[in-house]
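**Q** Predicted structure and sequence below. I'll ask about it afterward.
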Amino acid sequence: MFAGGMIVCFFVSGILFFFSYQIGKKKELTLIAGFNEETFKGDKNKLAGATGLYLMILGILMLVFPLGFAFFGSIAGQVLFVLVIVTTILLIWYMNRLSKSVV
């Protein structure tokens, strides 16, 4: 059962790293859900960088999650949940701040 969970975590981590690269480095902003080129008035490079960094952090968290679960048990899942929620709220706040700033 644990090996299956590791495979899923590695697979999800790989997907997150792929999208991090596509959005953060290649500036494929159309991959961001809800992004509209016409209505977004902020700095698109900062948006791509922040979203790419966010996805990279989530990818790293998913990569180390099986180890955390092995050593700390279900508390690792709770910590992961809180980290994902907090970083998501921070990213949404930052995206809204970028969108409202006029360049």
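**A** Good, I have the coordinates.

**Q** Where does the prediction get shaky in the chain?
**A** 1-2, 101-103 (pLDDT under 70).

**Q** go again using 90 as the cut-off
**A** 1-6, 33-42, 66-71, 73-74, 95-103 (pLDDT under 90).

**Q** Quick check: longest helix in this structure by residues?
**A** Longest helix in the chain by number of residues, with DSSP state H as the criterion: helix 44-72.

**Q** After it, which helix or strand is next?
**A** Following helix 44-72 in sequence order, the next helix or strand is helix 74-100 (DSSP states H and E).

**Q** Which of the residues in that following helix are classified as buried?
**A** Going by neighbour count (16 or more other C-beta atoms under 10 Å), the buried part of helix 74-100 is Ala76, Leu80, Leu91, Tyr94, Met95, Leu98, Ser99. Where you see a C-beta, it was placed from the backbone N, CA and C, and this is true even at glycine.

**Q** Next one: the residue nearest to the third one when sequence neighbours are not counted relative to Pro66, how far apart?
**A** What it means is Leu91. In this structure, Leu91 finds its nearest non-sequential neighbour in Tyr54, 4.8 Å apart by C-beta to C-beta, 6 or more residues apart in numbering. Going from Tyr54 to Pro66 by C-beta to C-beta, to the nearest Å gives 21 Å.
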